[in-house]
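In: Let me see the structure of the following:
(one chain, ligands or ions: 1)
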Amino acid sequence: MIRFLDVHKSYRVDGRDVPALQPLDLEIADGEVFGIIGHSGAGKSTLVRLINLLERPSGGRVLIDDIDMTSLDEPALRAQRRRIGMIFQHFNLLGSQTVADNIAFPLRLAGERDAKAIRARVDELLARVGLQAHADKYPSQLSGGQKQRVGIARALANRPSILLCDEATSALDPQTTGDVLALLAEINRELKLTIVLITHEMDVVRRVCDRVAVLDAGHVVETGAVADVFLHPRHPTTRRFVEEALPEEAASTRQTPYAHVPGRILRLSFRGEATWTPTLSRVMRDTGVDFNILAGRIDRIKELPYGQLTLALDGANVDAALEALRTAGIEIEEVASLENPS
Ligand SMILES: Nc1ncnc2c1ncn2[C@@H]1O[C@H](COP(=O)(O)OP(=O)(O)OP(=O)(O)O)[C@@H](O)[C@H]1O
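Out: A predicted model of the protein is given here:
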C-alpha cells in the first residue's frame, strides 16, 4: 500500500517557493492500477516522483507498506527503490547498448554478476514483453511501441512490486497505445504488481485503471473508482476529460437543442449485467411511457461492460418508469442538472 499523508511539494524558483502540489492524502492499494490524470503542469509527474523519492516532499510523509520513505538513509532508500520500477514517455533507453543490455542494466546495477543468470532473466523478460527476436538490436532499430516494451522489461528486471508509468503511451499511436496498455493490464493481472499510471487522456484511464485521481493545478479535485468517475464526473475538470474521451457524445449534446425536445431528458447508465438485459423495453412496455433515444454508447470500463443512453421520456407514468428502472439497478440523471451542475 502506498500512502500520502498530508504531502505537499513546492519548487524553489528564483529564490521563491512555487507550489506544485497542495497538501494531499491518497491511498493506493496493493495490486490495483491507479490512474493520475491532469493537464500539463497539474503536478502529475511531481506526484509520481514523490513515490520513489526522485522528488522529496516539502512536507508530509510518503509511506510504502508502512515504511516512511522520507526517513530512510541512502542505502535503505536504494533498496526500497529497487522494489519500484518506472517507465517514461520517451523510454530513456541507452542508445549505445543492445536491447538485452538495456534490460540487463538494472540487474548489474543491483549487483548481479553471474552472466548466465543475467541472460536467463533477460530472456524471460524478453518473452514477457514479446521481443525475443530483438535481443541484439539497438534502440534506434525499434519502433516506439517496441522501445516502450524494452522500457517495461527493464523496469520489471528486479521484480518490483510497484510500477510507475509516466505518460507511457503519450508518444505512441492509438494502435500501439492499445497494445502497450494491454501488456500493462496483463502484467498487473499476472504479476499482481501495483501500477501507478500518469496520463492526460481519460481513455487510457477507462481502459486499464481501477481507480483514478484527477489533478488540477496541484489539487486532487476528485478520486474514486473509474466506473463512478467516468460515468458520473463531478468536478468540471473531470467532466472535460470525460467529454474529450467521448467527443461524439459531447458534440451531440452541444449541438442538439434538447430544450426543444418534448418530454424529460434523462441520462441512463447501465453497468455490468444491466447492460445486456432488456430492462428498458420491459419497463417502457409495462408503464406505457414513450421514449426517444437522443444519444448513446455501449463500451467497457476495463472489463466492466457499460451503456449510457440519453433519452427523452414522455407520458403520464414517467415517474413510475424511472422508479422501476432504478429498482433494476439503472442509474438515472436529469440532463438539465448535468449541464448546469450546482
Ligand atoms: N524541477 C522543477 N523546478 C521548478 N519547477 C518545477 C520543477 N518540476 C516541475 N515544476 C513545476 O511544477 C508544476 C507541476 O509540474 P509537473 O511536471 O509535476 O506537472 P505535470 O502534470 O506532470 O505536467 P506535464 O504533463 O506537462 O509533465 C509545474 O508548474 C512545473 O512548472
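In: Contacts (any at all) between the ligand and whichever helix or strand Val18 is part of?
Out: Assigned by DSSP states H and E, Val18 belongs to strand 16-28. Yes: residues of strand 16-28 are located near the ligand by C-beta under 6 Å from any ligand atom, namely Ala20. For every residue, glycine as well, the C-beta is placed using N, CA and C.
In: Paired strands for that strand, with orientation please.
Out: Its sheet considered, strand 16-28 pairs with strand 2-13 (antiparallel) by DSSP bridges.
In: For the partner strand, buried residues please.
Out: 2-5, 7-10 (16 or more other C-beta atoms under 10 Å).
In: could I get the strand holding Val18 in PDB with only the CA atoms?
Out: Output in PDB follows, covering the C-alpha atoms of strand 16-28 (Å, rounded to 0.1, in the frame of the first residue of the first chain):
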ATOM      1  CA  ARG A  16      10.900  31.700  -4.200                       C
ATOM      2  CA  ASP A  17       8.900  28.600  -3.300                       C
ATOM      3  CA  VAL A  18       6.400  27.900  -6.100                       C
ATOM      4  CA  PRO A  19       3.800  25.300  -5.100                       C
ATOM      5  CA  ALA A  20       3.400  22.300  -7.400                       C
ATOM      6  CA  LEU A  21       1.300  20.100  -5.200                       C
ATOM      7  CA  GLN A  22      -1.100  21.300  -2.500                       C
ATOM      8  CA  PRO A  23      -1.400  19.200   0.700                       C
ATOM      9  CA  LEU A  24      -3.000  15.900  -0.200                       C
ATOM     10  CA  ASP A  25      -3.900  12.500   1.300                       C
ATOM     11  CA  LEU A  26      -4.000   9.500  -1.000                       C
ATOM     12  CA  GLU A  27      -4.000   5.700  -0.700                       C
ATOM     13  CA  ILE A  28      -3.100   3.300  -3.500                       C
END
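In: mind starting the numbering at 14 from now?
Out: Yes, from this point I'll number from 14; that puts the last item at strand 29-41.
In: Can you name the next helix or strand after it?
Out: Heading C-terminal from strand 29-41 (DSSP H and E), you reach strand 46-51.
In: Centre of the chain to that next one, how far?
Out: How far strand 46-51 lies from its chain's middle: 4 Å, per C-alpha atoms, centre = their mean, to the nearest Å.
In: could you pull out the helices for the protein?
Out: 57-62, 87-94, 112-122, 128-142, 157-169, 187-204, 215-221, 239-244, 249-258, 260-268, 292-300, 331-340, 348-352 (DSSP state H).
In: Could you point out which of those helices sits nearest Tyr319?
Out: helix 239-244 (6.6 Å; C-beta to C-beta).
In: how about the residues of this protein near the ligand?
Out: Counting by C-beta under 6 Å from any ligand atom, the chain sits next to the ligand at 24, 26, 33, 51, 53-59.
In: now for those residues, which pair is the farthest apart?
Out: Spatial extent of these (C-beta to C-beta) is set by the pair Val26 and Gly51 at 19.9 Å.
In: got a list of what Leu155 touches?
Out: 112, 147, 163 (C-beta atoms under 8 Å, 6 or more residues apart in numbering).
In: how is the protein carved up into domains?
Out: 15-256, 270-352 (automatic domain parsing).
In: Whichever residue of the stretch 164-313 of the chain sits closest to the ligand and Arg162, how far apart?
Out: Relative to the ligand, the nearest point of the stretch 164-313 of the chain is His213 (6.0 Å; C-beta to the nearest ligand atom). Taking C-beta to C-beta, to the nearest Å as the measure, His213 and Arg162 are separated by 22 Å.
In: higher neighbour count, the two?
Out: Arg162 (26 against 17; other C-beta atoms under 10 Å).
In: For that one, list the residues it contacts.
Out: Taking C-beta under 8 Å, 6+ apart, one finds 142-144, 193, 196 in contact with Arg162.
In: Between all of those residues, which two are separated the most?
Out: Taking C-beta to C-beta as the measure, the contacts of Arg162 have their most distant pair in Leu144 and Val193, spaced 12.5 Å apart.
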